[in-house]
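Colleague: Sequence and predicted structure, then a few things I'm wondering about:
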Amino acid sequence: MNYDALMREALALAERGRAEVEPNPRVGCLLLQDGAVVGRGWHEYFGGRHAEAMALAEAAAHGRRPDTAVVTLEPCSSPKGQHGKKTEPCAQALVAAGVQRVVIGAIDPDARHRRQGIAALEAAGVEVLDGVLASACESTLASFRRALALDRPWTLCKWAMTLDGKTAAPTGEARWISGPEARRRTHELRARCCGVMVGFRTAQIDDPELTVRHVEGKQPVRIVVDPLGEIDDDSNLVRTARQQPTWLLASEDVDARRSGHLQDLGVQVVHVPTAEGPRRLHLGRAFAELRRRGLRRLLVEGGGGLVAQMLAWNCVDQVLAFVAPKIIGGRLAPTPVGGDGRPFMAEAWQLRDVRFEPCGDDVAISGFV
């Protein structure tokens, strides 16, 4: 049997999860019965079904009983809930489905799980063949390897801007730059992240809700970077803090009475050290604290000052920009990334694995920093 060709098809399936599954790995899976493909699957999005689970569901829906699995990455073996895992172990699912042979591309690079899936399969009497198109399968794991080395959440910065790079009019008014399809996708992203973050100025000017409304999904933790605790008591975020988890990243030196008042209103105040002045938090420490509190994937929706600080602290992993076919102009109109910027073009933050796709009337541009 031509396992190389089958693995190439599985790799193509894995790429469908690009920019959706991080910090988890992209994985593709084919299931065969008597040499014919009877199930296909890929890891769809962070927190969603694994590739093997999707392929098994497809095979079962058609009444097929696969005997062979071709998967780009060693099937997981750790139980649901361990290490923050959201799904049942795929190795056991393959065994339970009666799969007798598993063809694997790459071995799990996570030292906590490496070869444990293979051991579980072999202990159940399943034949394992690994290393098929290993280099190609390893190449899909670059973002996963980066995520394994982080002590903070995997962070995606998202913004909408006009064709001339403005995120609002000179007056600050920004509704709506992007169209309904881009806004729906933003709500989808929120549902697939552990937390959604904005800076104090964005919270003050836009008065967002930061909730999932246009799609079905879990509500993320809402986070405001507000060193001095200046958020208004009657803002949408504070008024609904008892209904939706709302955290405020504030300076350790913020007024204790103000901090206590916000806590009384339902806001969880997280104190972190400052850096370079009272209005700038030590983002390295702040983001490490978010990871310690269980956040693995974070969506940041601006503004430009916060994104600039995050880039300077090397806290951005992924970017998604919706570019609208509009021109607004204005020297004072804000842009997605503020701050001092980089002095020379050669020092610009560079994206890799860049993709362009239509999103209604807008264009979505995504890449990894």
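Modeller: Okay, I see it.
Colleague: Only C-alpha atoms from now on, for both contacts and neighbour counts.
Modeller: Noted.
Colleague: Return the distance of stretch 36-48 from the chain's centre.
Modeller: Taking CA atoms, centre = their mean, to the nearest Å, one finds stretch 36-48 lying 18 Å from the centre of the chain it belongs to.
Colleague: start to end distance for it?
Modeller: Using CA to CA, to the nearest Å, one end of stretch 36-48 lies 26 Å from the other.
Colleague: Just the buried positions in it, please.
Modeller: Neighbour counts using 16 or more other CA atoms under 10 Å place 37-48 of stretch 36-48 among the buried residues.
Colleague: Rounded mean pLDDT for it, please.
Modeller: For stretch 36-48, the mean per-residue pLDDT is 96.
Colleague: For the stretch 101-250 of the chain, which segments count as helices?
Modeller: Assigned by DSSP state H, counting those that start in this stretch, the stretch 101-250 of the chain shows helices spanning 116-123, 134-139, 142-148, 180-191, 200-206, 236-239.
Colleague: Save those helices as a markdown table, and put in distance to A106, mean pLDDT and mean neighbour count too.
Modeller: A markdown table is the format used below for the helices of the stretch 101-250 of the chain (distance: least, CA to CA, whole Å; pLDDT from 0 to 100; neighbours: other CA atoms under 10 Å):
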| stretch | distance to A106 | mean pLDDT | mean neighbour count |
| --- | --- | --- | --- |
| helix 116-123 | 11 | 95 | 19 |
| helix 134-139 | 5 | 96 | 16 |
| helix 142-148 | 12 | 95 | 17 |
| helix 180-191 | 28 | 95 | 19 |
| helix 200-206 | 43 | 91 | 18 |
| helix 236-239 | 44 | 96 | 20 |
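Colleague: Looking at those, which is nearest to K166?
Modeller: helix 200-206 (14.3 Å; CA to CA).
Colleague: Tell me the helices and strands packed up against that closest one.
Modeller: In terms of contacts (3 or more CA pairs under 8 Å, 6 or more residues apart in numbering; DSSP states H and E), helix 200-206 is packed against strand 221-225.
Colleague: List the contacts of G284.
Modeller: Counting by CA atoms under 8 Å, 6 or more residues apart in numbering, G284 makes contact with 313, 315.
Colleague: Now do the SS call for it.
Modeller: Here G284 is recorded as helix under DSSP: H, G, I helix; E, B strand; the rest coil.
Colleague: V269 now?
Modeller: Of the three states, V269 takes strand under three-state DSSP.
Colleague: Beta-bridge partners for it, please?
Modeller: L248 (DSSP bridges).
Colleague: I'd say it and W247 touch.
Modeller: Yes: at 5.8 Å, V269 counts as touching W247 under the criterion of CA atoms under 8 Å.
Colleague: Which one of these two is surrounded by more residues?
Modeller: W247 (25 against 21; other CA atoms under 10 Å).
Colleague: Need the pLDDT of H83.
Modeller: H83 is given a pLDDT of 52.
Colleague: same deal with A364?
Modeller: According to the prediction, A364 has pLDDT 97.
Colleague: So for it, what's the nearest residue that isn't a sequence neighbour?
Modeller: Excluding its sequence neighbours, the residue lying closest to A364 (CA to CA, 6 or more residues apart in numbering) is F322, at 4.6 Å.
Colleague: same thing with A57?
Modeller: Nearest residue to A57, sequence neighbours excluded (CA to CA, 6+ apart): G39, at 7.7 Å.
Colleague: which stretches of the protein form strands?
Modeller: Remark: strands assigned in the chain by DSSP state E are 28-33, 36-42, 68-73, 101-106, 127-130, 154-162, 195-199, 221-225, 246-251, 268-272, 297-300, 318-324, 352-359, 362-368.
Colleague: Could you provide the ones you listed in JSON lines, with additional columns for distance to L306?
Modeller: Compiled in JSON lines, these are given as follows (distance: least, CA to CA, whole Å):
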{"stretch": "strand 28-33", "distance to L306": "36"}
{"stretch": "strand 36-42", "distance to L306": "34"}
{"stretch": "strand 68-73", "distance to L306": "36"}
{"stretch": "strand 101-106", "distance to L306": "37"}
{"stretch": "strand 127-130", "distance to L306": "44"}
{"stretch": "strand 154-162", "distance to L306": "10"}
{"stretch": "strand 195-199", "distance to L306": "6"}
{"stretch": "strand 221-225", "distance to L306": "8"}
{"stretch": "strand 246-251", "distance to L306": "12"}
{"stretch": "strand 268-272", "distance to L306": "16"}
{"stretch": "strand 297-300", "distance to L306": "9"}
{"stretch": "strand 318-324", "distance to L306": "14"}
{"stretch": "strand 352-359", "distance to L306": "22"}
{"stretch": "strand 362-368", "distance to L306": "18"}
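Colleague: so of those, which one's packed in deepest?
Modeller: Counting by mean count of other CA atoms under 10 Å, strand 68-73 has the highest mean neighbour count of those, with a mean of 30.
Colleague: For Q100, what are phi and psi?
Modeller: Main-chain dihedrals, Q100, degrees, to the nearest 10: phi -110, psi -20.
Colleague: What's the local residue count around it?
Modeller: Look at Q100: counted by other CA under 10 Å, it has 18 neighbours.
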